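from the sequence below, what's the structure:
(2 chains)
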Amino acid sequence: MAFHLSSPSNLCHDCQPLCNSISPSHILQLTPSLFSWRARNFCHSLNLTFLSPSQTRNSLSSHIRPLQVSLHDSVAQESQANPSTMQESPASDGKTNSSSKSYIWVNPTSPRASQLRQKSYDARYKYLTKVSQSLDLCNPTEEDVFQVLSGLGENPLEQDAVIVLNNMENPDNALLALKYFQLKLKPKREVILYNVTLKVFRKSRNFNRAEVLLEEMLKKGIKPDNVTFSTIISCARICSLPNKAVEWFEKMPQFGCNPDDVTYAAMIDAYGRAGNIDMALSLYDRARTEKWRIDLVTFSTLIRIYGMSGNFDGALNVYEEMKALGVKPNLVIYNTLLDAMGRAKRPWQAKSLYKEMTTKGYSPNWTTYAALLRAYGRARYAEDALNVYREMKEKGLELNVVLYNTLLAMCADLGYTDEAVQIFEDLKRSQTCEPDSWTFSSLITIYSCCGKVSEAEGMLNKMLEAGFEPNIYVLTSLIQCYGKANRTDDVVRTFDRLLEMGITPDDRFCGCLLNVMTQTPKEELGKLIGCIERANSKLGFVVKQMLGEENGEVLRKDATELFSNISMDVRKAYCNCLIDICVNLNLLERACVLLDLGMSLEIYTDIQSKSPTQWSLHLKSLSLGAALTALHVWMSDLRKAQENGEELPPLLGINTGHGKHKYSDKGLAGVFASHLKELNAPFHEAPDKAGWFLTTKVAAKSWLESRSSPDIVAA
DNA sequence: AGAGCCGGTA
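Numbers count the residues shown, from 1 in each chain, chains lettered A, B, ... in the order given. Below is the predicted model:
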């Protein structure tokens, strides 16, 4: 929709020259205040009118150059396509006659007028972006680029040059276009032309050429400004050259530039991504002490930096500071916080933040759900994670493959077979993603852990068909699977395959072999020991020694060395397995040596505890063999205490834990209960305390006296 | 004419 001054006959003679001097491009730039000032001072009846499309073309054609012709053409077409905007205008009350319909009166200060100006500006902008697109597509020659630009007329406007360059993407042609504008116009602020050209290089992620252009600008003596620096800094950041970002940031003072809040925000982000967290935080400190305005994006950047660096309380502190400063967090802030709490493995905090967020009226978006799913999934909050999943499905939000995999890994960890199968089916139906090696790996793990050999093998074949090679995680699961099914030869075959593939067994894999040994009959153990020796000679040595003739002290020494050489997170698993193997082979004395070693190395802590009213045995996270060994040790300690004339407390208790162990519906608690029964132990499951077996001083006393120690574990 | 919230797993 175009607007124009009404015909000169409506104006007083004072206004005539003004009217004639207004070119279409000036009309586009009129501001409300300017317009009303002129209206007040120069004429009594200055009216704005709409022209009909044909009138627009006729009345303007005399002033305008090719560019403006096409501009106004497109405006006219738009008004034809959307005539309702005319009828909505203030003058159109529905009763107007046909002749007044094409000349609708608009108050220049009205919102309607500003809407119209916006529309005209939009149309011109649209035209200039088309020029940018043509420039991107034409040959990278001076001839072709200049040819396209000649459409802007002999004297292009600096403002138009900025818009054209700003919307370009082709860096070669942008350089030529810049050259053209430098030839054709005397830029008042040449730095702006350079700044927008720098942005073109940033779009194509070409830091080197951006830097060359900037150097050229400086050589010409053009003074850079904050925009120049924030552009080159963000370009360096995008191109993963954080050191370059720092380098240019530090050059700012020598060009008389003081970083402002935008530049600081960019630098906080650049330092954060460069891993220079200290610098990022010290800029934040400066921003705080110097009372700069810190916007929400920077706050979220800070929370992200803290979250990535593992300082989760730091992340929460930023949030508290925001509150203290009266800055209202938005959805992005909440999402970043939720993500940090997920990384922190603090699902309960994610939960309460989510609650707070929804109470404040924010509705979750995809990012929110993704953060929650990661937080709950990683922490094995199965019900919460599955609820988020269901809610996403209900809302039609698509998961990506990583989110699916997070859910499946959680199901694998918890033994949620049915859920996993359903989720896998859902993933296969999904339009947006397909299973990858992580997906197959989780499913193979699930089937392996419940000993479903044919299903696990079937999934392995599907994985191979999909073009994925089995990796160490898949082979670890398969070995576990064959071990559970007592298919020792398949375990060995799979192990050979791993070595053939050039994969180096890791601590976890060896732990799995050890675990298979705990389930394997004595006659077959030799085959597995052979694998273990090839996988980890130190471990193989300790296992052989444990089953051989050496005395306990030698075993203790070598096992100590082994434990100092494996990663912390598998030490307990190794110790549990080694003790289980001993217990299975009735090597009680060695089991005791290993348990004692485990306690002195703090692999096991606080197994026994004493308070004035109760002595307890804590078996949580011990394997069955280790738990029985610990019970044996405890009983002999109790007996010793009695012999020394020490009084037993009124209550004695054994804590096996809740027994919600994965892939076992009974867990240690269930298995342990039957063992206690076999031992005629007077411990009874406490009805109000899950996982606790209790007895009284009197019952314990007579039972201890009736038992001789060595046969306990043998049961 | 400037930053950038968009997520990445055993």
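
residues contacting the spatially closest residue to residue A:463 that is not a sequence neighbour?
In space, not counting the residues next to it along the chain, residue A:463 is nearest to residue A:440; the distance is 3.7 Å by C-beta to C-beta, 6 or more residues apart in numbering. For the C-beta atoms, the positions are set from N, CA and C on the backbone; glycine is no exception. If a contact means C-beta atoms under 8 Å, 6 or more residues apart in numbering, then residue A:440 has A:459-460, A:462-463, A:466, A:468, A:474 as its contacts.

where along chain A do the strands fall?
When assigned using DSSP state E, the strands of chain A occupy the ranges A:3-5, A:48-50, A:105-106, A:608-610, A:614-618, A:651-655, A:684-685, A:692-696.

buried stuff in the fifth one?
Using 16 or more other C-beta atoms under 10 Å as the test for burial, strand A:614-618 gives A:615-618.

who does that strand pair up with?
Strand A:614-618 has these partner strands in its sheet, going by DSSP bridges: strand A:608-610 (antiparallel), strand A:651-655 (parallel).

so how far is the last one from its chain's centroid?
Averaging C-alpha positions (C-alpha atoms, centre = their mean, to the nearest Å) puts strand A:651-655 45 Å from its chain's average.

contact partners of that strand?
By C-beta under 8 Å, 6+ apart, the list of residues contacting strand A:651-655 reads A:613-620, A:631, A:638, A:672, A:676, A:683, A:686, A:691-697, A:700.

next: stretch A:537-546.
So stretch A:537-546 is in contact with A:510, A:514, A:517, A:529, A:532-534, A:554-555, A:558-559, A:561-562, A:565-566, A:574, A:578, A:581-582, A:587, A:590, A:594, going by C-beta under 8 Å, 6+ apart.

of the residues you listed, which belong to helices?
Under the assignment DSSP state H, those contribute A:510, A:514, A:517, A:529, A:532-534, A:554-555, A:558-559, A:561-562, A:565, A:574, A:578, A:581-582, A:590, A:594 to helices.

which among those count as buried?
Buried by 16+ other C-beta under 10 Å: A:510, A:514, A:517, A:529, A:532, A:555, A:558-559, A:562, A:574, A:578, A:581-582, A:590, A:594, out of the ones in helices among the contacts of stretch A:537-546.

which of those sit farthest apart?
Using C-beta to C-beta, the pair of these lying farthest apart is A:510 and A:590, separated by 19.5 Å.

okay, the residue nearest to residue A:366 when sequence neighbours are not counted and DNA strand B: tell me how far apart.
Leaving aside its sequence neighbours, residue A:366 sits nearest to residue A:397 (C-beta to C-beta, 6+ apart; 5.4 Å). Plainly put, residue A:397 is 10 Å away from DNA strand B if you go by C-beta to the nearest atom of the strand, to the nearest Å.

residue A:413 too?
Counting by C-beta to the nearest atom of the strand, the gap between residue A:413 and DNA strand B amounts to 7 Å.

that residue: neighbour count?
Residue A:413 sits with 18 neighbouring residues when counted by other C-beta atoms under 10 Å.

one step back: PyMOL command for the buried members of the contacts of strand A:651-655?
The following PyMOL line selects those of the contacts of strand A:651-655 that are buried, judged by 16+ other C-beta under 10 Å:
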select buried, chain A and resi 615+616+617+618+619+620+631+638+672+676+683+691+692+693+694+695+700
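
show me the contacts for the residue nearest to residue A:367 when sequence neighbours are not counted.
The shortest distance from residue A:367 to any residue that is not its chain neighbour, by C-beta to C-beta, 6+ apart, is 4.5 Å, and that residue is residue A:335. Residues in contact with residue A:335 (C-beta under 8 Å, 6+ apart) are A:365, A:367-368, A:371.
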